[in-house]
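S.K.: Sequence plus predicted model, see below.
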Amino acid sequence: MRYTLDTSVQYLKGVGPKIAELFGKLGVKNIEDLLYLVPRDYVPTRSIKDIKVGERVYIIARVLSTSVEPSSKGDMFVVKVTDGTGNLDIRFFKYSPRARHRFRWNKWVGFEGEIKLWMNKPEMMHPSVDFNPPDFPYPYLPIYPLTLGLTQSMVRRATLAALRELEEELSEEILPEEIVKKENFLPRHKAFWYLHYPPDMEYVREASRRLSFEELFYLQLLLLYRKQTYRRKGIAFPKGSRFSRQFLELLQAENPGFKLTKAQVRVLWEIFRDMESPYAMNRLLQGDVGSGKTIVATFAILKAIEAGYQAAFMAPTEILAEQHYISLKPWFEKLNIPIALLIGSVRPKDKKRIHEEIAEGKIKCVVGTHALIEEKVKFKKLGFVVIDEQHRFGVMQRVRLRSKGRRPDFLVMTATPIPRTLTLTIYGDLDVSIIDEMPPGRKPIITKWYKAHEREAAYQFLRAQLDKGAQAYVVFPLVEESEKVELRAATSMFEELQKGMLAGYSLGLIHGRLPGAEKERIMHAFRDGKLQALVATTVIEVGIDVPNATVILIEHAERFGLAQLHQLRGRVCRSTKQAYCLLISSPHISEEAKERLSWLEKETDGFKIAEKDLELRGPGEILGVKQHGKMNTRLVSLLTRQFKDERLIFKAINDTLDRIRMYISNIMKEDPLLTSPQHYILQRTLAQRYTPSEFLLDSG
């Protein structure tokens, strides 16, 4: 049988279907997955004469004899072994009589454990036993993550078999020769060998450096290739925009003295420049909550509509989609531009009419959720797409929306500031615009952290604000109480607050498990001022825009990350009124949680918060995003092997990314689509590593 990286692990010698199932629980399906199963540690292989008390070692020795000896802790099973350099006693507690028979005289067995003193003599106590030890005394043996039923010896045998069977394939270089020389990399097949069976720990770092570079290189190549191919053809929108000027006049008429911020003007110039170019726009718009991203997107939509095209505005939730629709509709009506809302809860009769009017081109702008990507939705001339909170959509959903038009311009927006490391690693195929300035008159949110014993004081402040006519959110991390986790839950606390700390105030309850219609009813009541406070889970994290809601109280605040707390806090930054964020923590929280809450009290800049969040959460959560989950799990493991200090990991990623993008830019200057014979290996490896939808986010 010819083995390849795609071959299922079950076909490796010593694996089979049952053990393959166990590997599957670790995310290992094929040989490539197995080779990237990064050891969590290594154990040195020692001869008996070289062992030291206190050291964890692996020895391969021949069984001399077995016996049962009494001790104060009960009978002990003792195996006397030798490796030719010395003798050693291996002691086991409660080793079954049936299992003892496996230690046959003269059999070579592997033992892994700590050397301890027993009666002033070095011995190994209750070690892991390997009845099929490696046929070669590797200086270090890998210690892998396991699952129930899977042993270290099983995984070691499998990785050894994989490395031997694929030696020829792994010997093929997939990085340009010039880069390998400049970076002074190990050959690829040696990098894989040394990752699993290193002659010295320095080789592990060198192997990890090479393989993590390779992972980042191909992710960046994918993103930049995608960017290059998508920008080949597009819509060249005419210069200028009468609709945009009229929209600005309407804004100024309703809000005397209204001016776009300098950041909004700069970003609009970047977007309009892209729209007027012959290339399709693919741009990420970052901006803190309340920075005015939707207004910027509206100007761009109007420019596209004026040129005779349709626009689609997709949001991840019905609440957010309806919010955008309510916001845009009055302006579009004044400009005589037909606009529609297309979400799952629209009545079938109305949905059919909207589908027909979109297909006929009568509706110029449609705001909606995933309903926009349904097969029934056919645009006559889609030219501009906006996706809000884009990180909540998968790759295929964006592909399907893009396929509704002929390379429409794409603007994806997020209110979650993204650190540079993540921007380059995951969003490298997008041009980036940043609104780093808030509209004039917006006051910084006052944030206060209350300890558990100060809870009454927090609610007292909340009641005082409600008495002044403000509205508030009260956020809990759970929907229902859990026996395993002692946290206040939204449903039980809603009832408790009605009878206790918020008795006499009109309250509503909203969470993700409520039917869509019920959510809409409650949100309308809150928006219309019929409810003074909304008890909620994180379902309100995005898409809630109630200017009169100026207080948010977050229970068990230590359970949330910095970025999520900042997002929740942003719900009360929707007007020029002073807003407040009250954080209540549990009685006993970690030092890291204290640092997080204390930091949020002082900082309001979303981009600084994003960087701090990255520092506190570490590479696993930051890089382990859904878009490229498997690759990022590997990358984090490889980088952790190189650097124990997480700050060094991020510095290494940034430095490496800069070099990689320089290498790739030079390659693409000469060969933009990687069609020359010398770049065949790059094109082929991309196609092997990524699915067609990931490889090219394009409708043709």
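M.R.: Good, I have the coordinates.
S.K.: ok, now which ones touch residue 518?
M.R.: Shown in contact with residue 518 (C-beta atoms under 8 Å, 6 or more residues apart in numbering): no residues. (C-beta placed from N, C-alpha, C; glycine too.)
S.K.: how far does the longest strand seen in the chain sit from the chain's center?
M.R.: Scanning the chain for the longest strand, with DSSP state E as the assignment, gives strand 56-69. Mean-position distance between strand 56-69 and its chain equals 47 Å (C-alpha atoms, centre = their mean, to the nearest Å).
S.K.: what's the answer for stretch 361-376, then?
M.R.: 28 Å.
S.K.: I figured residue 251 hits residue 258, correct?
M.R.: Yes. Between residue 251 and residue 258 there is a contact at 5.1 Å, judged by C-beta atoms under 8 Å.
S.K.: Residue 382 versus the closest residue to residue 380 other than its chain neighbours, what's the distance?
M.R.: The shortest distance from residue 380 to any non-neighbouring residue, by C-beta to C-beta, 6 or more residues apart in numbering, is to residue 361 (3.5 Å). Distance of residue 361 to residue 382, computed by C-beta to C-beta, to the nearest Å: 10 Å.
S.K.: Now do the shared contacts for the two.
M.R.: residue 310.
S.K.: between the two, who's got more neighbours?
M.R.: residue 382 (26 against 15; other C-beta atoms under 10 Å).
S.K.: Show me what the more buried one bridges to in the sheet.
M.R.: Note on residue 382: beta-bridge partners by DSSP bridges are residue 310.
S.K.: Contact partners for it?
M.R.: 309, 310, 311, 312, 404, 405, 406, 408.
S.K.: Please indicate which of those are buried?
M.R.: With burial judged by 16 or more other C-beta atoms under 10 Å, the buried subset of the contacts of residue 382 is 309, 310, 311, 312, 404, 405, 406, 408.
S.K.: Tell me the one of those residues nearest residue 593?
M.R.: Distances from residue 593 to the buried ones among the contacts of residue 382, taken as C-beta to C-beta, are shortest for residue 312 (41.1 Å).
S.K.: Find the nearest non-adjacent residue to the closest one, please.
M.R.: In this structure, residue 312 finds its nearest non-sequential neighbour in residue 385, 5.1 Å apart by C-beta to C-beta, 6+ apart.
S.K.: a strand runs through that neighbour, doesn't it?
M.R.: Yes. Checked against DSSP: H, G, I helix; E, B strand; the rest coil, residue 385 lies within a strand.
S.K.: That one is in contact with residue 406, isn't it?
M.R.: No. Between residue 385 and residue 406 there is no contact under C-beta under 8 Å: 12.0 Å.
S.K.: where in the stretch 251-400 of the chain is pLDDT low?
M.R.: The stretch 251-400 of the chain contains residues with pLDDT under 70 at 390-398.
S.K.: Strands of that one, start to end?
M.R.: For the stretch 251-400 of the chain, the strands defined by DSSP state E, counting those that start in this stretch occupy 282-287, 310-314, 339-342, 365-368, 382-388.
S.K.: Let me know the next secondary structure element after the one helix or strand residue 522 maps to.
M.R.: Secondary structure assigned from DSSP states H and E places residue 522 in helix 516-527. As assigned by DSSP H and E, the chain's next helix or strand after helix 516-527 is strand 533-536.
S.K.: how much does the following helix or strand past that following strand deviate in direction from helix 516-527?
M.R.: With elements assigned by DSSP H and E, the helix or strand that comes after strand 533-536 is strand 549-554. For strand 549-554 against helix 516-527, the angle by axes from the mean of the first three to the mean of the last three C-alpha atoms, to 10 degrees is 120 degrees.
S.K.: My read is that residue 475 contacts residue 537, right?
M.R.: Yes. Between residue 475 and residue 537 there is a contact at 7.0 Å, judged by C-beta under 8 Å.
S.K.: List phi and psi for residue 47.
M.R.: Per-residue torsions, residue 47: phi -80, psi 160 (degrees, to the nearest 10).
S.K.: I'd like to know how many residues surround the closest residue to it other than its chain neighbours.
M.R.: Using C-beta to C-beta, 6+ apart and skipping the chain neighbours, the partner closest in space to residue 47 is residue 85 (4.3 Å). When neighbours are defined as other C-beta under 10 Å, residue 85 has 14 of them.
S.K.: what's the answer for residue 440, then?
M.R.: Neighbourhood size, residue 440 [other C-beta under 10 Å]: 10.
S.K.: how much space between residue 236 and residue 273?
M.R.: Residue 236 sits 12 Å away from residue 273, going by C-beta to C-beta.
S.K.: the helices in the stretch 351-500 of the chain, which residues?
M.R.: 395-402, 420-426, 455-467, 490-499 (DSSP state H, counting those that start in this stretch).
S.K.: closest one to residue 175 among the ones you listed?
M.R.: Of all the helices of the stretch 351-500 of the chain, it is helix 420-426 that lies closest to residue 175, at 18.3 Å by C-beta to C-beta.
S.K.: avg pLDDT for the closest one?
M.R.: On average, the pLDDT along helix 420-426 is 59.
S.K.: if we can go back for a sec, dihedrals phi and psi, the residue nearest to residue 47?
M.R.: Dihedral pair for residue 85: phi -100, psi -10, per degrees, to the nearest 10.
S.K.: Run a quick check on it versus residue 51, I expect a contact.
M.R.: No. Using C-beta under 8 Å, residue 85 is not in contact with residue 51, being 9.7 Å away.
S.K.: show me the contacts for residue 514.
M.R.: Counting by C-beta under 8 Å, 6+ apart, residue 514 makes contact with residue 522.
S.K.: tell me the SS of it?
M.R.: Of the three states, residue 514 takes coil according to three-state DSSP.
S.K.: can you start the count at 3 instead of 1 from here on
M.R.: Understood, numbering begins at 3; the last thing we discussed is residue 516.
S.K.: Beta-bridge partners for the residue lying closest to residue 413 once chain neighbours are set aside, please?
M.R.: Of all residues not flanking residue 413 in the chain, residue 388 sits nearest, at 5.0 Å (C-beta to C-beta, 6+ apart). With DSSP bridges as the criterion, residue 388 is bridged to residue 315, residue 413.
S.K.: Quick one: residues contacting residue 388.
M.R.: Applying C-beta under 8 Å, 6+ apart, the residues near residue 388 are 299, 302, 303, 313, 314, 315, 316, 413, 414, 415.
S.K.: Next: residue 254.
M.R.: residue 260.
S.K.: From residue 247, how far off is it?
M.R.: Counting by C-beta to C-beta - residue 254 and residue 247 are separated by 11 Å.
S.K.: Residue 10 now?
M.R.: Distance from residue 10 to residue 247, by C-beta to C-beta: 62 Å.
S.K.: which one of these two has more residues nearby?
M.R.: Ranked by neighbour count (other C-beta under 10 Å), residue 10 and residue 247 place residue 10 first, with 16 against 12.
S.K.: Residue 81: what secondary structure?
M.R.: Under three-state DSSP, residue 81 falls in the strand class.
S.K.: list the buried ones in the longest helix seen in the chain?
M.R.: Secondary structure of the chain per DSSP state H: the longest helix is helix 203-232. Using 16+ other C-beta under 10 Å as the test for burial, helix 203-232 gives 205-206, 208-229, 231-232.
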